[in-house]
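Novice: Sequence and predicted structure below; questions after.
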Amino acid sequence: MRYFSFNDFLFILDATRWTIALSLLAFLLGGLLGGVIAILRISSFAPVRLAAAGYVQLFQGTPLLMQLFLIYYGLSLFGLRLDAWTAVTIAYTIYAAAFLGDIWRGCIQAIPKEQWEASRALALGYLHQLFLVIMPQAVRIAIPPTVGFLVQLVKATAVASIIGFVELTRAGQLMTNATFQPMIVYPIVAGLYFALCWPLSVWSQHLEKRLRVENVMGRKR
């Protein structure tokens, strides 16, 4: 047993960058896939729409931990061995895509049908209607819930520690095992999570309030 030192704190702090990196990578890649899922969810072609809905239901309806286990351990049964970084990137990407795709689908469908009809009256094709008329309006609605999900994604990276990926939670576990001082280590870990998530939460609330005010002003005009 040894006392918790400043070097131990630096080790935990250094692991925070991997929490940030995983969160951003999963958010960006999941956002790209989620955008495709959102568009497929509003497709008029039923098989495509149902397939996208099935994807969302599958990955929203099963625990992230199980998805991570299946990718990291399950694929090895077929001779495909993935390192921890690759496994968590894939797992968090498909997880984020399911939630972001559903969030953005709802935002697109929140745009009044009159906007579709008006753009159709201008002889715009479907893709031009979607990307030139509907999407710019949907983006404003989507910003607050998207930032809110990013906060959840940052906290969800703690699950990656279960397969040995050394992010913030795993670093805390290692330092606890080395020093046997969890009441020092875990408050530091919690504080670092708070430092990452609280500014995002405040930003999300600010955006939501600002957009609500702008919508009210727009209706008054």
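Specialist: In hand now; what should we look at? None of the values given here were measured: they were computed from a predicted structure. Numbering: from 1, shown residues only.
Novice: Only C-alpha atoms from now on, for both contacts and neighbour counts.
Specialist: Fine.
Novice: and the longest helix for this structure?
Specialist: helix 182-220 (DSSP state H).
Novice: Can you list the low-confidence ranges for this protein?
Specialist: The chain contains residues with pLDDT under 70 at 1, 211-221.
Novice: let's see 50
Specialist: Along the chain, segments meeting pLDDT under 50 span 216-217, 220.
Novice: What is the longest helix of the chain packed up against?
Specialist: In terms of contacts (3 or more Cα pairs under 8 Å, 6 or more residues apart in numbering; DSSP states H and E), helix 182-220 is packed against helix 6-41, helix 135-156, helix 168-179.
Novice: Tell me the helix or strand right after the helix or strand where residue 104 lies.
Specialist: Per DSSP states H and E, residue 104 falls inside helix 84-109. Downstream of helix 84-109, the first helix or strand assigned by DSSP H and E is helix 113-121.
Novice: So for that next one, what gets flagged as buried?
Specialist: 116, 119 (16 or more other Cα atoms under 10 Å).
Novice: Tell me which helix or strand comes right after it.
Specialist: Beyond helix 113-121 toward the C-terminal end (DSSP H and E), the next one is helix 126-128.
Novice: quick revisit: what separates the longest helix of the chain from the chain centre, distance-wise?
Specialist: Centre-to-centre, helix 182-220 and its host chain are 15 Å apart (Cα atoms, centre = their mean, to the nearest Å).
Novice: so it versus helix 6-41, what angle?
Specialist: 40 degrees (axes from the mean of the first three to the mean of the last three Cα atoms, to 10 degrees).
Novice: buried stuff in helix 182-220?
Specialist: 185-186, 188-189, 192-193, 196-197, 200-201, 204-205, 207-208, 211.
Novice: Contacts only, for residue 198.
Specialist: Contact analysis of residue 198 by Cα atoms under 8 Å, 6 or more residues apart in numbering lists nothing.
Novice: how close does it get to residue 13?
Specialist: As defined by Cα to Cα, to the nearest Å, residue 198 lies at a distance of 17 Å from residue 13.
Novice: Likewise for residue 118?
Specialist: 53 Å.
Novice: List just the nearest of the buried residues of helix 182-220 to residue 140.
Specialist: residue 211 (7.3 Å; Cα to Cα).
Novice: which of the buried residues of helix 182-220 sit farthest apart?
Specialist: Top of the distance list for the buried residues of helix 182-220 (Cα to Cα): 185 and 211, 39.5 Å.
Novice: nearest to residue 62, of the helices and strands packed on helix 182-220?
Specialist: Set against residue 62 and scored by Cα to Cα, these come closest in helix 135-156, at 14.0 Å.
Novice: what is the orientation angle of the closest one with helix 168-179?
Specialist: Put simply, helix 135-156 runs at 10 degrees to helix 168-179, going by the same axes, to 10 degrees.
Novice: Give me the buried positions along helix 135-156.
Specialist: Buried residues in helix 135-156, counted by 16+ other Cα under 10 Å: 135, 137-138, 141-151, 153-155.
Novice: Same question for stretch 96-112.
Specialist: Across stretch 96-112, burial judged by 16+ other Cα under 10 Å covers 96-108, 111.
Novice: and what of stretch 169-181?
Specialist: Neighbour count says stretch 169-181 has 169, 170, 171, 172, 173, 174, 175, 176, 179, 180 buried, by 16+ other Cα under 10 Å.
Novice: Serialize these to TSV and add fields for distance to residue 36.
Specialist: Putting these into TSV (distance: Cα to Cα, whole Å) gives the following:
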residue	distance to residue 36
169	32
170	33
171	35
172	37
173	37
174	39
175	41
176	42
179	47
180	47
